[in-house]
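S.K.: Below: sequence and its predicted model.
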Amino acid sequence: MGPDPQARIKEPVRVGIRCIDVDHLAMHEQMTLFLGLLDRSSSQEPLAQAANDFFQITVRHFAMEERLMEATDYPDRGRHADQHALLMRILLDWWRGFVSRGQYALADEDRAFLVEWFEDHIDTEDRWLADHLRQHGYA
Ligand SMILES: [Fe+2]
Ligand SMILES: [Fe+2]
C-alpha cells in the first residue's frame, strides 16, 4: 500500500533548546511541502525548489548540531552524526535520480523511513543532545 497523501506528518517534539526547536519546525514544514509535492506529482520546478529548500535547511541544521556536539565534547557524537549521514544519503539518492533521470518517485520504504527517522531521531538523539547541552548552559 502506498503512502496516504492526506496523512499529516506529526509535528516534531520540542527538545527545549531554542535554536534546535526552531530548525526542527522549519524542517518539518519543508519536508511536508516536499512530500506533498511528490505525492501530487507536481511539476518539476516547484518540486526542485522545495527539495532544495528542504535539503539546504537539513544540511545546515545537521552541521549546527554537529558543531554543538564538538564544542561541548558530546560523547555520543559519532553515533548521532551517523544518523544524520544516513538521512542525507537517502535525500541525495533521490536528488540524483531526480536531476539525472527526471525521476520523481521516492520508494515507499524510503518515504516511510524519512518520516519515521524524523520523528524518532528528534525524540531520541536530539532530546539526549538537548539534555547534554542544557548541562553546558545552553537554553
Ligand atoms: Fe540530530
Ligand atoms: Fe535535529
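M.R.: Looks like it came in fine. Ligands and ions are numbered 1, 2, ... in the order given.

S.K.: After the longest helix seen in the chain, which helix or strand is next?
M.R.: Determined from DSSP state H, the single longest helix within the chain is helix 44-71. Downstream of helix 44-71, the first helix or strand assigned by DSSP states H and E is helix 77-101.

S.K.: Is any residue of that next one near ligand 1?
M.R.: No: Helix 77-101 lies apart from ligand 1 when judged by C-beta under 5 Å from the ion; the minimum separation is 5.7 Å. Just so you know, the C-beta spots here come from the backbone N, C-alpha and C atoms, and that holds for glycine as well.

S.K.: who touches that helix?
M.R.: 47-48, 51, 54-55, 58-59, 62, 65-66, 69-70, 74, 103-104, 106, 110, 113-114, 117, 121, 125, 129 (C-beta atoms under 8 Å, 6 or more residues apart in numbering).

S.K.: does ligand 1 sit close to the following helix or strand past that helix?
M.R.: As assigned by DSSP H and E, the chain's next helix or strand after helix 77-101 is helix 108-121. No: with C-beta under 5 Å from the ion as the criterion, ligand 1 is not reached by helix 108-121; the gap is at least 5.6 Å.

S.K.: Quick one: distance of helix 108-121 to the chain centre.
M.R.: Relative to the chain's own centre, helix 108-121 is displaced by 9 Å; criterion: C-alpha atoms, centre = their mean, to the nearest Å.

S.K.: Only the C-alpha atoms, please, for it, written as CSV.
M.R.: Included here for helix 108-121 are C-alpha records, laid out as CSV according to Å, rounded to 0.1, in the frame of the first residue of the first chain:
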residue,chain,number,x,y,z
ASP,A,108,7.6,3.9,-0.2
GLU,A,109,10.1,2.4,2.2
ASP,A,110,12.4,5.5,1.8
ARG,A,111,9.4,7.8,2.4
ALA,A,112,8.3,5.9,5.5
PHE,A,113,11.9,5.9,6.6
LEU,A,114,12.2,9.6,6.2
VAL,A,115,9.1,10.4,8.2
GLU,A,116,9.9,7.8,10.9
TRP,A,117,13.5,8.9,11.0
PHE,A,118,12.5,12.5,11.6
GLU,A,119,10.2,11.6,14.5
ASP,A,120,12.5,9.1,16.1
HIS,A,121,15.7,11.0,15.7
